[in-house]
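# Pasting the sequence and the predicted coordinates here, then a few questions.
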Amino acid sequence: MSSQEQQQGISGDLARFALDLKLDAVPGAVRERAKHLLLDAIGLAYAAHAADFSRVTLDGLSALGSGDATVIGYGRRLGVRDAMVMNGVLAHGLDFDDTHSRGVIHATASVLPCVFGVTDNRPLDGAQTLAAYIAGMETATRIGSVAKGGFHQVGFHPTGVVGIFGCTLAAARLLGLTHQQTRMAQGIALSMASGSLEFLQDGAWTKRMHPGWAAQSAYTAVTLASRGYVGASAPYEGRFGLFSSYLGERSGDADLSLATAGLGEKWEIDEVAIKPVPACHFTHAFADAGAALHREWQQRGHSLPEMIDRVGRIRVKVPEGVVKVVCEPVANKRRPANAYDAQFSVPYVTASALLKGHFTLDELESSALRDDAVLALASRVDYEVDPASTFPRHYTGEVCLELSNGETLSHRESIHRGSADRPLSNEEIVAKYRANAGRTLPQARVDKICETVLALDTLAPGAWHAVLGEAV
């Protein structure tokens, strides 16, 4: 490494990793897990086909112009950048996609549409695609980790703000950029990073577009850099770089060393959590705690209608870092206005799980949102900050029922299900994929897609585009 390269900071280190990564140097188990993460997201893309937000997004993007890029389940319909946005909406729209716990980022939902779009109509095979996906995942998750959960505290969605950088590195690799061009692409991406959390106030749809917007912005940044466009040289550690600008007063809490720690030696893909519950990951412990208390209630011989009469106050203990996202404003969270609102509501998720023993996509239907019994319990949920939480390593949660006779029942989830310390197996991921894709597709198509995605590293150019592009 030259002395000049040594002085090129984080963007230089990330560029070297992304461009030099050899797929056969990635442990087999990591490659296999990466393909299962892709399968999970693709299953969600098919499940999202029936949602209003998918139809509206496709209508809007189609009005901007047509093209020959593949949209999952819709065929070749859009220009490549608009297809990236649409595929990101499909993968992330149900908020059931994977999350890197420490980075608090939905990395697959941005990196998948990026590499899928870049390799479309190009002679790039499945092995090249998988290597680029891994490079994007390993970098995006590390960059997100630097903030230590701080983006949420200042109103930014990490997936939108950080996802563009992982996508930029993945796309730069696929398009054959030089090291210097890849550095410049990251500097250009700095001015495109975006993603507001204002949707939390009213359940707006905007979060759904953040991953795909990151992907298409990255493609733009990389294309400009490949032509010689000059970007900022210190996009991460600079005076007005990513963390100083976006974290403000919290920038001092950022640990820049995490952006490059263990590159090529420790694999952050192993730290990516798969969601077993279709809601914000911060609510999962409460869904599982509520379901556990549901079972205990029944084992004690109580009927479910009794719960409404006998439960007075419901106390939930939450990590301080998630309060603004899933507990406030309290009135909105106790009575969500729509499905997206509900997915970010600890009171609603907890109450649903208490009464039904689970939280599934069915609990997001309009009839479920109007369930008087669920809303009655949700109105009794009060939160308090949990001083014993290990957030963001674990998205902990505890639910305590205070009964009218003075008795209390409680259950704590110290390690959220699906996390790196309590992972879902690859077999469980396949089962989740099948359940989600099966909401839209016949069994034969479900099987074919599963077989194709899990063989990604052996596929010829365009092979998975042909399979995934076939119209539903």
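Yep, that arrived. Numbering: from 1, shown residues only.
# What ranges does this protein have for its strands?
Using DSSP state E, the strands assigned to the chain run over residues 69-71, 75-78, 99-100, 272-273, 311-318, 381-385, 397-403, 408-413.
# Give me the buried positions along the second one.
By that I understand strand 75-78. Applying a neighbour-count criterion of 16 or more other C-beta atoms under 10 Å, one finds Arg77, Leu78 buried in strand 75-78. The C-beta positions use only the backbone N, C-alpha and C, and glycine is treated the same way.
# List the contacts of that strand.
58, 61-62, 65-71, 83, 86, 469-471 (C-beta atoms under 8 Å, 6 or more residues apart in numbering).
# One more: the first one?
Strand 69-71 has contacts (C-beta under 8 Å, 6+ apart) with 58, 76-80, 82-84, 86-87, 90, 116-117, 120-121, 465, 468-469.
# buried subset of those?
For the contacts of strand 69-71, a neighbour count by 16+ other C-beta under 10 Å gives the buried set as 58, 77-80, 82-84, 86-87, 90, 116-117, 120-121, 465, 468-469.
# thinking again about what came up before, among the contacts of strand 75-78, which pair sits farthest apart?
Gly65 and Glu470 (22.6 Å; C-beta to C-beta).
# mind checking how far Asp95 is from Ala435?
16 Å (C-beta to C-beta, to the nearest Å).
# Tell me which residues touch the nearest residue to Leu112 once chain neighbours are set aside, please.
In space, and not counting its chain neighbours, Leu112 is closest to Ala41: 5.3 Å by C-beta to C-beta, 6 or more residues apart in numbering. Ala41 makes contact with Ala91, Asp97, Asp98, Thr108, Ala109, Leu112 under the criterion C-beta under 8 Å, 6+ apart.
# which one of those residues is nearest Gln443?
The closest of the contacts of Ala41 to Gln443 turns out to be Ala91 (C-beta to C-beta; 21.9 Å).
# any idea how far the closest one lies from Val111?
According to C-beta to C-beta, Ala91 stands 10 Å off from Val111.
# more crowded one of these two?
It is Val111, of Ala91 and Val111, that has more neighbours when counted by other C-beta atoms under 10 Å, with 35 against 32.
# does that one really touch Gly136, like I thought?
Yes. Using C-beta atoms under 8 Å, Val111 is in contact with Gly136, at 3.8 Å.
# Common neighbours of the two, please.
Shared contacts of Val111 and Gly136 (C-beta under 8 Å, 6+ apart): Gly166, Cys167, Ala170.
# which among those gets closest to Asp125?
Closest approach between those and Asp125, by C-beta to C-beta: Ala170, at 15.2 Å.
# Leaving out chain neighbours, which residue sits closest to the closest one?
Of all residues not flanking Ala170 in the chain, Gly136 sits nearest, at 3.2 Å (C-beta to C-beta, 6+ apart).
# quick one: pLDDT of that neighbour?
Note for Gly136: predicted pLDDT of 98.
# check contacts around it.
For Gly136, the contacting residues are Ala18, Ala107, Ser110, Val111, Cys114, Val115, Gly166, Cys167, Leu169, Ala170, by C-beta under 8 Å, 6+ apart.
# now do 7 Å
Val111, Cys114, Val115, Gly166, Cys167, Leu169, Ala170 (C-beta atoms under 7 Å, 6 or more residues apart in numbering).
# hmm, back to that, more neighbours: Asp95 and Ala435, which one.
Asp95 (23 against 14).
# Please determine how far the more buried one is located from Thr139.
From Asp95 to Thr139 the distance is 23 Å (C-beta to C-beta).
# Ok, Glu320 next?
Glu320 sits at a distance of 28 Å from Thr139 (criterion: C-beta to C-beta).
# Those two: which is more packed in?
Taking other C-beta under 10 Å, Glu320 and Thr139 do not tie; Thr139 has more neighbours (31 against 13).
# isn't that one right next to Leu169, touching?
Yes. Thr139 lies in contact with Leu169 (C-beta atoms under 7 Å); the separation is 4.9 Å.
# hey, what's in contact with both of the two?
Common neighbours of Thr139 and Leu169 (criterion: C-beta under 7 Å, 6+ apart): Leu14, Ala18.
# State the distance spanning the first to the last residue of stretch 90-102.
End-to-end distance for stretch 90-102, by C-alpha to C-alpha, to the nearest Å: 24 Å.
# which residues of the stretch 1-150 of the chain score low on pLDDT?
Filtered on pLDDT under 70, the stretch 1-150 of the chain yields the residue ranges 1-7.
# can you pull out the helices in it?
Under the criterion DSSP state H, counting those that start in this stretch, helices of the stretch 1-150 of the chain are mapped to 3-6, 9-20, 28-47, 52-63, 80-92, 107-119, 126-146, 150-153.
# If you rank the shared contacts of Val111 and Gly136 by neighbours, which is first?
Neighbour counts for the shared contacts of Val111 and Gly136 peak at Cys167, which has 36 neighbours (criterion: other C-beta under 10 Å).
# and the closest residue to that residue other than its chain neighbours, what is it in contact with?
Spatial nearest neighbour of Cys167, excluding adjacent residues (C-beta to C-beta, 6+ apart): Ala218 at 3.4 Å. Residues counted as contacts of Ala218 (C-beta under 7 Å, 6+ apart) are Cys114, Ile164, Cys167, Thr168, Ala171, Ala189.
# 6 Å instead?
Ala218 sits next to Cys114, Ile164, Cys167, Thr168, Ala171 when contact means C-beta atoms under 6 Å, 6 or more residues apart in numbering.
# With Ile188 instead?
Going by C-beta under 6 Å, 6+ apart, Ile188 touches Ala221, Leu224, Ala225, Gly231.
# Just give me the neighbour total for Ala339.
When neighbours are counted by other C-beta under 10 Å, Ala339 comes out with 22.
# State whether it and Leu364 are indeed in contact, as I suppose.
Yes. Between Ala339 and Leu364 there is a contact under C-beta atoms under 6 Å: 4.0 Å.
# Show the contacting residues for the residue nearest to the spatial centre of the chain.
Centroid check for the chain by C-alpha atoms, centre = their mean gives His106 as the closest residue, at 2.2 Å. By C-beta under 6 Å, 6+ apart, the contact set of His106 is His92, Asp97, Thr99, Thr159.
# 10 Å instead, please
By C-beta atoms under 10 Å, 6 or more residues apart in numbering, the contact set of His106 is 41, 88, 91-92, 95, 97-100, 140, 144, 157-160, 162-163, 207, 210-211, 214, 272, 275, 281.
# Check Gln343 too.
Listed by C-beta under 10 Å, 6+ apart, the contact set of Gln343 reads 94-96, 203, 207, 277-280, 283, 326, 336, 349, 359, 363-364.
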